[in-house]
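Return atomic coordinates for the entry below.
(chains A and B)
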Amino acid sequence: MAELDDRLVRCFSSVFPTLTGDEIRAGDVTSLINVDSLAGVTLVAVIDEEFGVEIDLEGLLELGTFQAIQQHLRRQSRSSVLPNEQETK
Amino acid sequence: MNLIEALEILKQAVPEEEQPLGVFLACGFTPLHLQTFLAAHLRKCLPKQRVELKTGLFGDLAGSLERLHASGCDILVVVIEWQDLDPRLGIRSLGGWRTADLPDIVKSADQGVARLEQALRRLSASVTICVCMPTLPLPPLFSTPIQRAGDYELRLRQLVASFAASISSESSIRVLNTRRLDELSPPHSRRDVRSELMTGFPYRLPHASAVAELLAVLIQNPTPKKGLITDLDDTLWAGILGEVGVVGVSWDLDRHTHMHGLYQQFLGSLASAGVLIAVASKNDRALVEKAFERKDLILSKENVYPFEVHWSRKSESVERILKAWNIGPEAVVFIDDSPMEAAEVKAAFPEMECIVFPTNDYQAIWDLLKRMRDLFGKNVISEEDSIRLKSIRGAGALRESCNVIGSSLDDFLQSADASIRFTFGKPAADSRTLELINKTNQFNLNGRRMNESVCFKYVKEPKAFLLTATYEDKFGPLGKIAVLMGRADGRKLVIDTWVMSCRAFSRRIEHHCLKYLFEKFPADEIVFDYEATVRNGPLQEFFAQLLGVPPEIGLRLSRSRFFERTPRLFHRVEEVGCG
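A predicted model of the protein is given here:
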């Protein structure tokens, strides 16, 4: 699941380019998005595009942290193989 | 391009330029990811240009355009969707889809179109506009089954088509080709209903990327290729002329060689739009001349100049053709059915587009024609396009007569019966003026390019002027061939832009441009915003002859020096005042 972690960091990094990987992993998503709601909408779109998983902005705020989003995506991957993982198998 | 790639492109360093390109994106919906994609595609299309992309209020597109002042941007991008014509044609409004509402929806859309058209025409006087007509499918509000086009739906589509045709006649409005968009983005997978309702952004990401990509190319407005060099055997026609003879080569349905006829027809179309066509063929010259006498040949021999027909290397032919045309290899496409010949020319001219003609492959030839339409596509066909070939033939005649007679240039120019028409003042820069400024390399004061709105703003300045020169002699017209833009500053003239077509060299037109200015203004000297470029050698040479030393930044030419060093001029002069 290291690959999922890297892909999610890349999603965050594309929207919040000044944050490092460690800052992203440790960061509080709610505070990031509350500061810039446009970034939140973009992050939702990037995650949808990358993982094929629809989370709306409210859902993202409820999940709240990088780790929680990661776990959510992992749960989704159990019910259906994530598109990019399918390609690598 | 996907969204994450677009965001990553935008993270890269931006080139620092004095003059950023200001682009304003106007749309009725929240621009969100379309703005991101447009910025990223523009970065790809214009890697050396700093682009400032701004957006305004959304929700009322016509109102926003009516309030917009074009002075703040160089390019205006307008993305229209059906709901901008009437909100009931979108899905965020619940204004009613009853059958009884349909006539009013069409009527209201008609009024919406009229408002948009009026606003765009007003803005087009001062800024270049790129317009994208509605791309989303109409909502299911019509009473007919989905496979049947109903009256109201057809009327709405007709409204938009007429609107697009009408505004596209404005030279400063570029309408995005929705057929091309259909190829990149299938209509059924464009709308993102969830996103439209949740965030107000109606496009799926791939569609947003496709729209942005085409808009970026419209903004970039790539320079079209100028010339095409074609092979003959198994390219312009089917068959080897030396083997099957003049009657044996073909381009018809009966012999299943019709694709070569289409190719000829396409070259004829290019020639009529001012593209130069030449032949480079390893062949027997006499046989080729006979073949070009055939009445059923679709491409007239009058459209071809020059013919390079012999047994020497193709790259030698290409070199001679480029010299006759006086254009660089980057502006030319070479087509030959032999991969070896194409490779040989490519090795000699790496900047040239060299294409192997896919003989016997119908689909590949069809795709080639489409690709060439893109390479040679022009926004408008100017008067100069129609006389280009004639003037190049004239230049060839000029060179030959100088060589053959061995007379002096003075003698020759005196007998050339030449006239120059100067247009002076504050005219709106037409497409030819902008073409000269943005394409001329060799006789170019500083190599700087200028878009329509920058040009417009420059000429609007109180002391600024624009001078153009149109030339004709007994060998034929050259059309508009020189542009000067400058400012009067007391006893001094400042020239910021000076370009002259390479077709006009050796006629002393450049001398006459300066003579005209010294006679027009009581200036003691002209100061030129000169800068050496890799390719403006001819301009440097001109100044070196006038000054006696190579030109440098801050170049000045005094009145006395000019009249002392300028050679005799024989042109008749006509002056047209403007603005």
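
Tell me where the model's unsure across chain A.
A:1-2, A:35, A:78-89 (pLDDT under 70).

cool, the stretch 301-450 of chain B as well?
B:395-408, B:428-429.

so which residue of chain A comes closest to chain B?
A:Ser14 (3.8 Å; C-beta to the nearest C-beta). Placement of C-beta: from N, CA and C, glycine included.

So which bits of the stretch 151-300 of chain B are right by chain A?
B:Arg194, B:Ser195, B:Met198, B:Thr199, B:Phe201, B:Leu205 (C-beta under 8 Å from any C-beta of the partner chain).

Is it possible to mark the buried ones in these?
B:Ser195, B:Thr199, B:Phe201, B:Leu205 (16 or more other C-beta atoms under 10 Å in any protein chain shown).

how about the residues of chain A near chain B?
So far as C-beta under 8 Å from any C-beta goes, chain A lies against chain B at A:10-11, A:14-15, A:17, A:38, A:41-42, A:45-46, A:49-50, A:54, A:56-57.

Out of those, the closest to B:Leu514 would be?
Comparing the residues of chain A next to chain B against B:Leu514 with C-beta to C-beta places A:Pro17 closest, at 52.4 Å.

May I have the residues that are in contact with B:Leu120?
By C-beta atoms under 8 Å, 6 or more residues apart in numbering or on different chains, B:Leu120 lies in contact with B:Leu65, B:Val78, B:Ile129, B:Val131, B:Ile167, B:Glu170, B:Ile173.

and if you look at A:Ile47?
The contact partners of A:Ile47, taken as C-beta under 8 Å, 6+ apart, are A:Leu8, A:Cys11, A:Val53, A:Ile55, A:Leu60, A:Ile69, A:Leu73.

Distance check, the last one against A:Ser14.
I take that to be A:Leu73. 16 Å (C-beta to C-beta, to the nearest Å).

ok, now the fourth one?
Taking C-beta to C-beta as the measure, A:Ile55 falls 16 Å from A:Ser14.

give me the element B:Cys513 is part of.
helix B:509-520 (DSSP states H and E).

Quick check: mean pLDDT of that helix?
Mean pLDDT, helix B:509-520: 94.

Buried residues in it, which are they?
By neighbour count on 16+ other C-beta under 10 Å, the buried set for helix B:509-520 is B:Ile509, B:Glu510, B:His511, B:His512, B:Cys513, B:Leu514, B:Lys515, B:Tyr516, B:Leu517, B:Phe518.

what residues does it touch?
By C-beta under 8 Å, 6+ apart, the list of residues contacting helix B:509-520 reads B:420, B:422, B:424, B:443, B:467, B:469, B:471, B:481-482, B:484, B:486, B:493, B:495, B:498, B:500, B:523, B:526, B:542, B:557, B:559, B:562-563, B:566-567, B:569, B:571, B:573.

ok, back up a step: in helices, which of the buried ones among the residues of the stretch 151-300 of chain B next to chain A appear?
Taking DSSP state H, the ones among these that sit in helices are B:Ser195, B:Thr199, B:Leu205.

Enumerate every residue touching the second one.
If I follow you right, that is B:Thr199. Here B:Thr199 is in contact with A:Val41, B:Thr30, B:Leu32 (criterion: C-beta under 8 Å, 6+ apart).

quick check, the residue of chain A closest to chain B in a helix?
Yes - using DSSP: H, G, I helix; E, B strand; the rest coil, the assignment for A:Ser14 is a helix.

For the residue lying closest to it once chain neighbours are set aside, give me its contacts.
Among residues not flanking A:Ser14 along the chain, B:Leu7 sits closest, at 3.8 Å (C-beta to C-beta, 6 or more residues apart in numbering or on different chains). The contact partners of B:Leu7, by C-beta under 8 Å, 6+ apart, come to A:Ser14, A:Val15, A:Pro17, A:Thr42, A:Val46, B:Thr36, B:Ala40.

Mind doing that once more with 7 Å?
For B:Leu7, the contact set (C-beta atoms under 7 Å, 6 or more residues apart in numbering or on different chains) comprises A:Ser14, A:Val15, B:Thr36.

So what's the residue count around residue 54?
This is for chain A. By other C-beta atoms under 10 Å in any protein chain shown, 12 other residues sit near A:Glu54.

think we crossed wires, I meant chain B
Using other C-beta under 10 Å, B:Lys54 has 12 other residues around it.

That one contacts B:Phe24, correct?
Yes - if you go by C-beta atoms under 7 Å, B:Lys54 and B:Phe24 touch, sitting 5.2 Å apart.

which residue ranges form the helices in chain A?
For chain A, helices defined by DSSP H occupy the ranges A:2-15, A:21-26, A:29-35, A:37-51, A:57-63, A:66-79, A:83-88.

May I see these organised as JSON lines, with distance to B:Gln414 added?
JSON lines is the format used below for the helices of chain A (distance: least, C-beta to C-beta, whole Å):
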{"stretch": "helix A:2-15", "distance to B:Gln414": "69"}
{"stretch": "helix A:21-26", "distance to B:Gln414": "77"}
{"stretch": "helix A:29-35", "distance to B:Gln414": "77"}
{"stretch": "helix A:37-51", "distance to B:Gln414": "70"}
{"stretch": "helix A:57-63", "distance to B:Gln414": "79"}
{"stretch": "helix A:66-79", "distance to B:Gln414": "83"}
{"stretch": "helix A:83-88", "distance to B:Gln414": "75"}
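
tell me which parts of chain B are close to chain A?
Within chain B, the positions adjacent to chain A are B:Asn2, B:Leu3, B:Ile4, B:Leu7, B:Glu8, B:Lys11, B:Leu32, B:His33, B:Met198, B:Thr199, B:Leu205 by C-beta under 7 Å from any C-beta of the partner chain.

Contact partners for the second one?
Just to be clear, that refers to B:Leu3. Per C-beta under 7 Å, 6+ apart, neighbours of B:Leu3: A:Ala45, A:Val46, A:Glu49, B:His33, B:Thr36, B:Leu205.
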